[in-house]
Structure formats: C-alpha cells, structure tokens
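K.L.:
please work out how this folds:
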Amino acid sequence: MGDALELRKPHEMIVMVPRSARVTLTARRIYTVLLQVSQARLGSMEAMPLADFMFEAPLAAVLRTTGSDGADRTAAKRYLGEMRSLEVDWESTAPGDGVKWRGFSMLSEVALEVRRGETWVSWSFPPSIMTALRDPSRWARIELDVLARLSTYAAIALYEICVRYRDNPGGVTSRKPVGWWTDALSNMPGGDKREWRKFKNERVKEAVAEINQETDLEIELIEHRQGRVVSEVQFAVRRRAKTTNPAGHEKPVDANLVLRCETLGIREIKLDGLIKEFGEDRVRDQLDTLERRAAKNSLRAVDNAYSYLRSLLRNERDPQGEAAPEPAPPEIAPATPSLPVAASAEDLAGERIRAMRKEIEALDPAERQVWVDRALQSLASKKLLTAIVSRRASQGDVLHGMLGSMVVQTYAAATYGPDWNAQVRPSSPV
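P.N.:
Alright, predicted model coming up:
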C-alpha cells in the first residue's frame, strides 16, 4: 500500500446520506476502515467470494487505523451493531448521477467475538457494495491518515467529496443546490434543516479551515445567488504540497498487516515493537518471506513465527538457511546488440505459482477440497493451523495468504513432483 493506507472509494459511494438514524464521526471512520480492509482482501483474492463471506479484523486494530487510542472501544461495539440496521442513501457527486443506492444497510451482517482475550469484528456488505468495492470503475483516493486528522463529521464528508476533484483540470466540484450540500455534510437523518447561512457559519467554515490546514487540498467555497439568496454551491479545489504528519498525530496502523500476523500467531503488541524498530514497509516485505517459508513442505516447520520474522528483519536473510542470493557481478556490455534478458528465477517461480493457482481454481469443488484438507493437515502438523486460517477455509477463501501457499505447494508437489517449481533454464537461441 506504499507510504499511506488508501481506500479507492467508488464514486457512487462518495456521498452517504443517513436515512434511519444519526451517523457519528467515530462510526464513519470505522466504516471507512472496514471498506479499506475489505478492499485490500478482495484485491488479493482470485475471484469474488460467496455472498455470505465475512471479513474480519481485531477491533483494536480497526480503531487504531482510524487514529483512535482505543478510548472509543465501547462506543465502537455499539456503532458496529447499529450499522446492520442503519440505512443510508449512496449518491455520486457527478452531475446528473443522483442516488445510486437508496435505503441500503451499511452492513449486511456484523459479529463481535472474543478470541484469546481480544475482541474481533466480522462483517459483510450488500452484494452491490462488494462489487463496486472490488473493482471500481471510477474512484476517489482516500488516505486514511488524513481522515484521522479531521475532527468533525462535516470535514470528513466534505474532504471525501473534494478529493475526487484533486486532479480535475476544471478545479471545481459539481454545482449543487444548498439542500444537497446540507444533506451530504450532515450526519442527521433527513439532513440539516437550518437555513444555509447558519449551516455555513456553524459547519462549513470550520470544515473548510480544517481541510486547508490538515490535508493536501486547498478548497474555497463558491456561492451562486438568485437575487440575494444563495441557491447553489460548489467548491474550488487545488492540490498543494502534501503536509507531513503533524506532531501528536500517530500514523494509523494497517489493520490488514495485523490480520496477517495474527494468522501466523504473532500478536499485535509484538508486531508494534517490530514496526517501531524496523518500519512498516520492511515488516510487510519480510512478512511476505515468512508466509512463503511457512508454507514450504520441504523445509522444517517454523517453530516461532515472531522470532523468525524478527531474525529476517535483523539479518535480511532466511534465519533457517535460505540466504538471499549474492548479486551477480556486473557484466561487460557486448559490442553487438544484446539478446532479450532471460526472466529471473523469481519471475519464473511466480509464473509457475500463478499457473498452479489457475489449475486449482479449475478443479471440481470436491476435488479442490481434497487439496485444501491436505494443506490444512500440513499446517496443523507445523502448528500453524490457527482459528483464522480455519475460518477462512470454511468460508472458501483457500487461495490467499499462508493457506493459499500451502494449497499450491501440496497440489503441485503431488501432481508434478517435489521439484515442480525449480527454475527452468531457457534454451539457448539457435
């Protein structure tokens, strides 16, 4: 995800108008994190999951991704429970698009449960939202660390609308009636019924000032009048130099990273220590190495995933003997035109793994389940069969993460032999 956690928010989900109850600032932040976590999970899956698929994450990680220190945990549980029955209208900001989805529940299902002393949240979305989230045709790039710095509901709602126009050559949002803006920027069902002048003075001016101070946008209110009455409103939007994270604003944690570590049995408190020592990007890179290593049947089991990951970070090599290859010495450039460079071993291995995944996807479900069961048995023998892995297997999410790696390894080794992914050297040109 690079330096910032991002949500590619579909245009049809930019404006959320509550219909059945009030949406709080904390609830909207939590919901944005649920969308971001879900989009990241969907992006790593080979196909759209079944309608009853449940996403999941530790509640503490979700709250920390919103920028919360955990003080809102009790309220968060209540908000999550309310989201299943809380109905909203989703509307695009594009001219003439109007309401996209009317009366949708924010969540189709939500559940809270305690695992090993930690509260976990599981959730699902209506199918239309799932489809738009997985493959949006048009979207606004929302940075979660920016949302964490905005302190009012109106500021977050206005920022999400304006950020869509960050790179628009025209530099202005759509021109809408004042009633549209009071609905879009209010967290109350039915919108805010005060006259525009009062709403502007009490909500909009504060939101504009905070966006201009805390984000990479500079926005300006533009009012259009009919006589002496303001009838329509739009905002000028300009990009400015990105602000650094101000003092006092801790960079949000990546809830997806927490979930991957929990899958391997690494608790969040230990992950925090590694991130502080080595940085999030290095931890994410070496976690990829650990997941691949844990799924290899040909190597002995990883006894302690946390210690292994810490050794990877400290040594930048596999602590159990799979050192990274030394870089090859530079070659003298040939005088004659060079032939195309052969694919690297890593590229060839990646292609082979992708080919195995496609073969497994094409199997009859009952036949595929045989390999899933064998992979689960292998993980159990390595003491890596966690509750999270078992839950994903029961939901049919079998080709992602450590379980997916193990399914591929198990199937390919049995079908093509233990050297199925050995580097194949291209033949020399004739």
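K.L.:
please identify the helix or strand for Thr119.
P.N.:
Using DSSP states H and E, Thr119 sits within strand 118-124.
K.L.:
what packs against that strand?
P.N.:
If you count contacts as 3 or more CB pairs under 8 Å, 6 or more residues apart in numbering; DSSP states H and E, strand 118-124 packs onto strand 55-58, helix 59-65, helix 73-83, strand 109-115. Just so you know, the C-beta spots here come from the backbone N, C-alpha and C atoms, and that holds for glycine as well.
K.L.:
so which of the ones you listed is nearest Val208?
P.N.:
Smallest distance to Val208 across the helices and strands packed on strand 118-124 (CB to CB): 25.8 Å, for helix 59-65.
K.L.:
break down the stretch 1-150 of the chain into its helices, ranges please.
P.N.:
Along the stretch 1-150 of the chain, the stretches classed as helices by DSSP state H, counting those that start in this stretch are 25-44, 59-65, 73-83, 127-134, 144-147.
K.L.:
the stretch 301-430 of the chain too?
P.N.:
305-315, 345-362, 365-381, 387-395, 401-416.
K.L.:
ok now do the residue nearest to Gln234 when sequence neighbours are not counted, which residues does it touch?
P.N.:
Using CB to CB, 6 or more residues apart in numbering and skipping residues adjacent in sequence, the residue nearest Gln234 is Arg175, 4.4 Å away. Taking CB atoms under 8 Å, 6 or more residues apart in numbering as the contact definition, Arg175 lies against Pro95, His224, Glu232, Val233, Gln234.
K.L.:
and the second one, what are its bridge partners?
P.N.:
I take that to be His224. Note on His224: beta-bridge partners by DSSP bridges are Glu232.
K.L.:
number of nearby residues for it?
P.N.:
When neighbours are defined as other CB atoms under 10 Å, His224 has 13 of them.
K.L.:
quick check: PyMOL command selecting the buried ones in the contacts of Arg175.
P.N.:
Buried subset of the contacts of Arg175, written as a PyMOL selection, criterion 16 or more other CB atoms under 10 Å:
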select buried, resi 232+233+234
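K.L.:
got any ranges where the stretch 201-350 of the chain has weak pLDDT?
P.N.:
Within the stretch 201-350 of the chain, the ranges that satisfy pLDDT under 70 run 242-256, 259, 263, 268-269, 295-301, 316-350.
K.L.:
hey, where'd the strands end up in it?
P.N.:
Taking DSSP state E, counting those that start in this stretch, the strands of the stretch 201-350 of the chain run over residues 217-226, 229-239.
K.L.:
what residues of the first one count as buried?
P.N.:
Going back to what we said before, that points to strand 217-226. Here strand 217-226 shows Leu217, Ile219 as buried, counting by 16+ other CB under 10 Å.
K.L.:
need the CA coordinates for it. CSV is fine.
P.N.:
Extracted in CSV, the C-alpha atoms of strand 217-226 (Å, rounded to 0.1, in the frame of the first residue of the first chain):
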residue,chain,number,x,y,z
LEU,A,217,-6.1,20.2,-0.5
GLU,A,218,-6.8,23.8,-0.6
ILE,A,219,-10.6,24.4,-1.0
GLU,A,220,-12.7,27.5,-1.3
LEU,A,221,-16.4,27.9,-1.0
ILE,A,222,-18.2,29.4,-4.1
GLU,A,223,-21.8,30.5,-3.7
HIS,A,224,-24.2,31.2,-6.5
ARG,A,225,-27.1,33.5,-5.9
GLN,A,226,-30.5,34.1,-7.2
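K.L.:
tell me how far that strand lies from the chain's centre.
P.N.:
Distance, stretch centre to chain centre, for strand 217-226: 33 Å (CA atoms, centre = their mean, to the nearest Å).
K.L.:
also the last one?
P.N.:
Taking the mean C-alpha point of strand 229-239 and that of its whole chain, the gap between them comes to 31 Å (CA atoms, centre = their mean).
K.L.:
got the buried residues for that strand?
P.N.:
Val230, Glu232, Val233, Gln234, Phe235, Val237.
K.L.:
could I get those as JSON lines with distance to Ile211?
P.N.:
Below are the buried residues of strand 229-239 laid out as JSON lines (distance: CB to CB, whole Å):
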{"residue": "Val230", "distance to Ile211": "20"}
{"residue": "Glu232", "distance to Ile211": "20"}
{"residue": "Val233", "distance to Ile211": "15"}
{"residue": "Gln234", "distance to Ile211": "15"}
{"residue": "Phe235", "distance to Ile211": "9"}
{"residue": "Val237", "distance to Ile211": "10"}
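K.L.:
before we move on, the earlier item: pick the most buried one from the helices of the stretch 301-430 of the chain.
P.N.:
For those, the largest average neighbour count (mean count of other CB atoms under 10 Å) is found in helix 401-416, namely a mean of 21.
K.L.:
what average pLDDT does it get?
P.N.:
Regarding helix 401-416, the rounded mean pLDDT is 81.
K.L.:
ditto for stretch 136-156
P.N.:
Stretch 136-156 shows a mean pLDDT of 89.
K.L.:
put the alpha carbons of it into PDB.
P.N.:
Taking C-alpha atoms only, stretch 136-156 is exported to PDB below (Å, rounded to 0.1, in the frame of the first residue of the first chain):
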ATOM      1  CA  PRO A 136     -14.500   0.300  -9.000                       C
ATOM      2  CA  SER A 137     -14.700   1.900 -12.500                       C
ATOM      3  CA  ARG A 138     -14.200   5.400 -11.100                       C
ATOM      4  CA  TRP A 139     -12.900   6.200  -7.600                       C
ATOM      5  CA  ALA A 140     -11.500   8.800  -5.300                       C
ATOM      6  CA  ARG A 141      -8.300   8.000  -3.500                       C
ATOM      7  CA  ILE A 142      -8.900   8.500   0.200                       C
ATOM      8  CA  GLU A 143      -5.800   8.400   2.600                       C
ATOM      9  CA  LEU A 144      -6.800   7.100   6.000                       C
ATOM     10  CA  ASP A 145      -4.100   9.000   7.900                       C
ATOM     11  CA  VAL A 146      -5.700  12.300   6.500                       C
ATOM     12  CA  LEU A 147      -9.200  11.300   7.700                       C
ATOM     13  CA  ALA A 148      -7.700  10.500  11.200                       C
ATOM     14  CA  ARG A 149      -6.600  14.200  11.400                       C
ATOM     15  CA  LEU A 150     -10.000  15.600  10.600                       C
ATOM     16  CA  SER A 151     -12.100  16.200  13.800                       C
ATOM     17  CA  THR A 152     -15.600  16.800  12.500                       C
ATOM     18  CA  TYR A 153     -18.100  14.800  10.500                       C
ATOM     19  CA  ALA A 154     -18.600  17.700   8.100                       C
ATOM     20  CA  ALA A 155     -14.900  17.900   7.500                       C
ATOM     21  CA  ILE A 156     -14.600  14.200   6.600                       C
END
